[in-house]
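1. From the sequence below, what's the structure:
(chains A and B, ligands or ions: 2)
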Amino acid sequence: MKKTDVIIVGSGAAGSLMAAKLSEAGKKVTILEAGPERRLEDLTSSQIHARRLKWGGAPVEENGRQPIGNVFNSGYGTGGSALHHYAVWPRLHVEDFKVKSLYNRAVDWPIDYDDIRPFYDKIQQEVGISGDHTAEIWRPKGDPYPLPPVPAFQQSEVIARGFAKLGKRTSPLPLAINSRDYQGRPACLWDGWCDAGCPTRALASPLAHYLPKAIKQDVNIIHNAAVTRILTDKSGKKAIGVHYQNKDGAKITQMADVVILAAYAIQNPRLLLNSAEGGLANRSGLVGAYIMSHAAALVYGLFDQETAPYMGATGGQMLNQDSYDHKDQRTKGFGSYQWMIAQAVKPNDLLGYGGSNPGLYGAKLTEFMARAAHHFGTMTACVEDLPVKENHVKLSSDRDKFGIPLAHIHHTSHADSHALWQGAKQEGIEIFKAAGATEFWNGPLGPMHIMGGTIMGDTAENSVTNSYGQCHDIDNLFIAGPGLFPTSGGVNPTYTVHALTLRSSEYILNNWSGVIS
Amino acid sequence: MPFRSLNQKQVSALDFLSDAIVPGAKSSGLSHFIDHQLSAPNEDNLLILRYLRMNPPFKNFYTSALKAFERSVRLKYNKSPFDLSEAEISEFISIMMQKNPAGWPETGQVPPPAPLFYFVLRSDAIDVTYGTMSSFDSMDIPYMAHIAPSHPWKAPS
Ligand SMILES: Cc1cc2nc3c(=O)[nH]c(=O)nc-3n(C[C@H](O)[C@H](O)[C@H](O)COP(=O)(O)OP(=O)(O)OC[C@H]3O[C@@H](n4cnc5c(N)ncnc54)[C@H](O)[C@@H]3O)c2cc1C
Ligand code: SF4
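-> Numbers count the residues shown, from 1 in each chain, chains lettered A, B, ... in the order given. Ligands and ions are numbered 1, 2, ... in the order given. The predicted structure is shown next:
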């Protein structure tokens, strides 16, 4: 087996960006991806077929009062979860990085907003984000969006009236979806098939943007290659490669100078814990700790007006962040949340209007479906999940088909996060009433996004990596992805994943000889 | 189309119950959909059950619940499910969505809780009744496919 410069485990949001940047700088990169190969032409527009894209690797055990919903919230195969993510890309706010210093709660990030801001700006220019920086009054400082905002269809116009009546503000939702042709990718058609994966490349999934760049540099992607162990030298202080198993179960060794784990927030700690007694890079004992998941506060309603709920992007059309800054000033609980308003909705699947009101059956359901097809409205609050050390990934006593212990996750929301979610739900109902909904109701708590588990920090005592994702204990072992987040904020994580990964890639390239020595 | 995982009795019970929950499910091919998914490789399984922290194979989920359904109906109404009036099956559904009806086994070989089975079957039935190109057409909403499915729920081979 030939040695390569860099092995990246996982071909999702973080892995594909990292591969593109390192290979463009001349490094030889191999991506090992546990799932199958997926191509744009496989992305069938159907909520039933869309389920193929979900996590299909080793089963994950879950317990706790608010399980994180691993299968719904993770992808598998080329592009990972990000292949069918909805591309809602807001920035974290200044406060999010300093929750401990400001409020004596949770933990601080080892960086400030100003450290990451230039990377947000670079990424939005490279990838393209549609938005309106002046209307988005809550947005921390940053360059204007490179693309005009997404259009507002009937659903968002109807709901926005409710916000306005209550003195609350709305802006276009920032989306990594092209509102016009950009970077050789076409404009969106606003047909709401994003959850099935966007085959046109209007949405900046890994298959649309960074993977083609990596492949152009001859990055080798090996599919059906589940990494099972990170290998180190005798000292245990240097990574030398990995073991992976192919579809037939053959164990293969791949050596490299640098190993980067980009297998998302559950599988990264699972791999570390399986790679050494007590876990690799685990001097802090924190590998697997502080798993977080935003709580989705779901609001549904029916309106007399036509809402055309089939139009737009799956992520939504408008944004409200009135309940974001000043985390201690919420009516209930503690933290930040944002409203994503007017998601494009299909009739079926977990997020479809058919599933929104599970008590309806028979003739009443038939009547509801006919009305909802043209008069349904919805919005979702993305609610901060405070980090709790006991919310963790551990190894199970059960094993996968390769004999590797399964991941076992415990997640019970912090009482203040749960209260925040309840407050958001109530606010949502008030807004729908003000918007003139004739019927309105909430959905159950839905977990969305997975973060934490390998948090970054200043020291090996309080964290697994430094701010570049470099493991404190092993200089040439890096982690990329939302697993690095010490706190979750109340915004979707993937824009921040991109900004952090870009920052790490520059660090690796600028410090190459030190990293591998 | 022959069934591969379910027997005729199971198919009839599935059709009957799902059609009472989601009118139109039977003619939309609900039992073929479930039968096909139960015989597909785990990785390609398209059933909503995947989302609910359950791992394939899923056959026992459906067959054990169908058995429990028949048993509970017989206990309550002293007749076969197929002989229930519209009002009776509706009453039974309103119970099963909230709790296990009397006779639903809770010890030994336990089927899924009745409310979970109701939720899953309802979602499956909505998938085939409302989630296909032809159903969009009949609801007068545009499908706007980027890539149209070659079959409503069979993965291309
Ligand atoms: C339905 C959905 C909607 C979402 N919408 C949004 C949104 O609107 N905005 C937003 O910001 N975020 C959204 N997200 C979250 C977003 O997808 C993730 O934050 C992001 O993809 C994380 O990037 P990642 O590279 O860490 O992981 P992923 O993109 O999941 O990539 C990880 C890859 O690693 C592979 N892998 C795992 N284990 C191994 C192993 N042992 N060996 C080899 N490979 C392995 C996986 O198969 C996967 O391909 C959404 C997610 C989902 C599922
Ligand atoms: S709505 Fe836009 S981003 Fe979503 S799948 Fe269609 S073209 Fe792609």
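2. How about the residues of chain B by ligand 2?
-> Remark: no part of chain B is in contact with ligand 2, using C-beta under 6 Å from any ligand atom. Using the backbone N, CA and C atoms, a C-beta is placed for each residue, glycine as well.
3. so residue A:445 makes contact with residue A:295?
-> Yes: contact between residue A:445 and residue A:295 holds when scored by C-beta atoms under 8 Å: they sit 5.3 Å apart.
4. quick one, what contacts residue B:105?
-> Residues touching residue B:105, when contacts are defined by C-beta atoms under 8 Å, 6 or more residues apart in numbering or on different chains, comprise B:68, B:71, B:111.
5. same thing but 7 Å
-> Residues touching residue B:105, when contacts are defined by C-beta atoms under 7 Å, 6 or more residues apart in numbering or on different chains, comprise B:68, B:111.
6. Next, residue 146: phi, psi?
-> This is for chain A. With angles defined as degrees, to the nearest 10, residue A:146 sits at phi -80, psi -10.
7. Just to check, it is in contact with residue A:125?
-> Yes: the criterion here is C-beta atoms under 7 Å, and residue A:146 meets it with residue A:125 at 5.6 Å.
8. now residue A:297, what's its secondary structure?
-> Secondary structure for residue A:297, judged by DSSP: H, G, I helix; E, B strand; the rest coil, is strand.
9. which residue is nearest the centroid of chain B?
-> residue B:121 (3.5 Å; C-alpha atoms, centre = their mean).
10. Of residue A:146 and residue A:125, give the one with the bigger neighbour count.
-> Using other C-beta atoms under 10 Å in any protein chain shown, the more surrounded residue of residue A:146 and residue A:125 is residue A:146, with 18 against 13.
11. which ones are touching that one?
-> Under the criterion of C-beta under 7 Å, 6+ apart, the contact partners of residue A:146 comprise A:124-125, A:128-129.
12. same deal with residue A:313?
-> By C-beta under 7 Å, 6+ apart, the contact set of residue A:313 is A:86, A:150, A:175, A:177, A:188, A:190, A:192, A:194, A:344.
13. and it, how far is that from residue A:162?
-> Using C-beta to C-beta, to the nearest Å, one gets 21 Å for the distance from residue A:313 to residue A:162.
14. got a list of what the residue in the stretch 301-450 of chain A that chain B sits nearest to touches?
-> Scanning the stretch 301-450 of chain A for proximity to chain B using C-beta to the nearest C-beta identifies residue A:348 as nearest, at 3.3 Å. Remark: with contacts taken as C-beta under 7 Å, 6+ apart, residue A:348 is in contact with A:47, A:354, B:126-127, B:130-131.
15. so which helix or strand takes in it?
-> Residue A:348 belongs to no helix or strand when assigned by DSSP states H and E.
16. Kindly report the same for residue B:116.
-> Taking DSSP H and E as the criterion, residue B:116 maps to helix B:114-130.
17. Beyond that helix, next helix or strand please.
-> Next in sequence after helix B:114-130, counting helices and strands by DSSP H and E, comes helix B:133-138.
18. you'd agree residue A:237 is up against residue A:474?
-> Yes: under the contact definition of C-beta under 7 Å, residue A:237 touches residue A:474, with a separation of 6.0 Å.
19. Can you tell me how far residue A:58 is from ligand 2?
-> Distance of residue A:58 to ligand 2, given as C-beta to the nearest ligand atom, to the nearest Å: 29 Å.
20. helix, strand or coil for the closest residue to residue A:427 other than its chain neighbours?
-> Nearest non-adjacent residue to residue A:427, counting by C-beta to C-beta, 6 or more residues apart in numbering or on different chains: residue A:323, 7.3 Å away. Secondary structure for residue A:323, judged by three-state DSSP, is coil.
21. give the contact list for residue A:323.
-> Residues touching residue A:323, when contacts are defined by C-beta under 7 Å, 6+ apart, comprise A:330, A:336-337.
22. hmm, 10 Å instead?
-> By C-beta atoms under 10 Å, 6 or more residues apart in numbering or on different chains, residue A:323 lies in contact with A:138, A:168, A:329-331, A:335-339, A:381, A:383-384, A:420, A:423-424, A:427, A:490.
23. go on, residue B:102?
-> Shown in contact with residue B:102 (C-beta under 10 Å, 6+ apart): B:71-72, B:75-76, B:95.
24. hang on, isn't residue B:119 packed against residue B:48?
-> Yes: with the criterion set as C-beta atoms under 10 Å, residue B:119 and residue B:48 qualify as a contacting pair; they are 8.8 Å apart.
25. any shared contact partners between the two?
-> By the contact definition C-beta under 10 Å, 6+ apart, residue B:119 and residue B:48 are jointly contacted by residue A:355.
26. what about those two, which has more around it?
-> With neighbours defined as other C-beta under 10 Å, residue B:119 and residue B:48 compare such that residue B:48 has more, 23 against 17.
27. Need the pLDDT of that one.
-> In this prediction, residue B:48 carries a pLDDT score of 93.
28. hey, where'd the helices end up in the stretch 401-517 of chain A?
-> In order along the chain, the stretch 401-517 of chain A carries the following helices (DSSP state H, counting those that start in this stretch): A:415-434, A:494-510, A:512-516.
29. residue ranges with poor pLDDT in the chain?
-> Picking chain A for this. Across chain A, residues meeting the criterion (pLDDT under 70) sit at A:1.
30. try chain B instead
-> Counting by pLDDT under 70, chain B shows low-confidence ranges at B:157.
31. where along it do the helices fall?
-> For chain B, applying DSSP state H gives helices covering B:8-21, B:30-39, B:59-77, B:86-96, B:114-130, B:133-138.
32. circling back: Throw the contacts of residue A:348 into CSV and include distance to residue A:463, thanks.
-> What follows is the contacts of residue A:348, written out as CSV (distance: C-beta to C-beta, whole Å):
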residue, distance to residue A:463
A:47, 39
A:354, 44
B:126, 45
B:127, 44
B:130, 47
B:131, 44
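33. Please identify the buried residues of stretch A:399-412?
-> A:400, A:404-411 (16 or more other C-beta atoms under 10 Å in any protein chain shown).
34. With stretch B:15-34 instead?
-> Judged by neighbour count using 16+ other C-beta under 10 Å, the buried positions of stretch B:15-34 are B:15-26, B:28-34.
35. Likewise for stretch A:160-168?
-> If you call a residue buried by 16+ other C-beta under 10 Å, then stretch A:160-168 has these buried ones: A:160-163, A:168.
36. And those, which is closest to residue A:457?
-> Nearest to residue A:457, judged by C-beta to C-beta, of the buried residues of stretch A:160-168 is residue A:168 at 35.7 Å.
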